[in-house]
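> give me the fold of what follows.
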Amino acid sequence: MRSTIDYAGTAGRRSRPPRRGLRAAASLSWSIVAAATAAALFIGCSAAASSPGYPIFALGGRLRSSGPGAPVLADLPSGVKPRALAAAKLGPGVALAYDQGSGRLLSLDGRGRAVRSWPLEAAEAWVSDGLVLTRSAAFIEGRGFRFALYRVSGIGPERLWDGELDCFPSDVAFAAGRAYLAGGDRADAELWLWELSERGAEPLYSRPKRSDFLRVTPVGGRLLAFESQRVRERRPCVVRIVGDSPGGSPGETRDAPIVGLPGDALCLYGYGFEYGGRLVVPVALEGGDLGLAALVDAGGQFEVASLARGAKGVYLPLGPGPDGAYRYLAYDYEGDPTRRYLGRYDGSAVSLEFLGP
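Coordinates of the predicted model:
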């Protein structure tokens, strides 16, 4: 399920990345900031949503709650894309969004009005509650796209790092004050996973690319990655473990097969997320169905604890609501390309609410 373009690599740097674990969070001061930001995230969601505590999201030029009925909260600029909005609290704002049309980072109130804004030109942006990663429009031959990582506070964005990477993004995740960028190079020959922080761009992992997209999900302090296939066909289902928990001894990057999938499982297909301390991966099934498999780390392999069928494709993970169920935007570009859904996953079953084309 390709939703963005992808690219990875530093100009002139084509060596294999070092095998190492994740670094611990940068400092106690950053931990305090992160905790405060997380609290602000919950407050922001509560203030914006008509059903308090539910994740908010952007779709079709509107700000919506993932609560019952997926109510529309406000109109948004058409340049705000689904991955360019997150709940946050910057002064009076309850959401942080990047408007590609105006080239500005916006602090929005519960009615979708910009209470503050800052210029931030980019062709694409990924927004979390405290960090923003941007990508330029132009790819420079032999160098790549220009990426920039910003930390956002009430006074606006602070640039932590920028640089050029030969990377067309297939996924972006944020954890411990860092961004993790996954994608393929322009030659379509290799997949790469990068860690981006104020200390620079560190390659964590690469391998020869097939017809797939690298996805990455922080789970329990580790990074877990997997390859989502371009087409539904029978392929090995494997989780790539990238390092051990922050603060622990460094661990080697290694593959762990997924065991216990049903006989009609074909391949991994879409985006993953963490739920209840477990990695949940989307699985393409024979007959066109899609399921969500909750995985348990069993040492050298991941075992399927449950499989929820009828999930559609995971287009954008959103997060848990106050009822404990996880929300995500569902979309199946092969089987159902004109319809969008809000998915509700409780660890064993999925329910879907139609959102429109």
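
> contacts, neighbours, all on C-alpha from now
OK.

> direction included, what does the strand ranked longest in the chain pair up with?
Ranked by number of residues, the top strand in the chain under DSSP state E is strand 156-175. Using DSSP bridges, the strands paired with strand 156-175 are strand 6-10 (antiparallel), strand 145-153 (antiparallel), strand 178-184 (antiparallel).

> so for the second one, mean pLDDT?
To tie it back to what came earlier, the one meant is strand 145-153. Averaging pLDDT along strand 145-153 yields 96.

> I'd like the distance from it to the chain centre, please.
16 Å (C-alpha atoms, centre = their mean, to the nearest Å).

> and the contacts of it?
Outside strand 145-153, the residues within contact range by C-alpha atoms under 8 Å, 6 or more residues apart in numbering are 7, 90, 130-139, 157-167, 179, 196-197.

> now do the longest strand of the chain: distance to the chain's middle.
12 Å.

> now stretch 225-233
Worked out by C-alpha atoms, centre = their mean, stretch 225-233 lies 16 Å from the chain centre.

> quick check: angle from whichever strand or helix holds Trp194 to strand 178-184?
Secondary-structure assignment from DSSP states H and E places Trp194 in strand 190-197. Angle between the axes of strand 190-197 and strand 178-184 is 170 degrees (criterion: axes from the mean of the first three to the mean of the last three C-alpha atoms, to 10 degrees).

> direction included, what does strand 190-197 pair against?
Short version: by DSSP bridges, strand 190-197 pairs with strand 178-184 (antiparallel), strand 200-208 (antiparallel).

> mean confidence for it?
96.

> dump the C-alpha coordinates for it into PDB.
Provided in PDB are the C-alpha atoms of strand 190-197 (Å, rounded to 0.1, in the frame of the first residue of the first chain):
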ATOM      1  CA  GLU A 190      17.900  -1.100  -1.600                       C
ATOM      2  CA  LEU A 191      15.600  -0.500   1.400                       C
ATOM      3  CA  TRP A 192      17.000   1.700   4.200                       C
ATOM      4  CA  LEU A 193      16.100   2.600   7.800                       C
ATOM      5  CA  TRP A 194      17.500   5.900   9.200                       C
ATOM      6  CA  GLU A 195      17.500   7.400  12.600                       C
ATOM      7  CA  LEU A 196      17.300  11.200  12.500                       C
ATOM      8  CA  SER A 197      18.100  13.400  15.500                       C
END
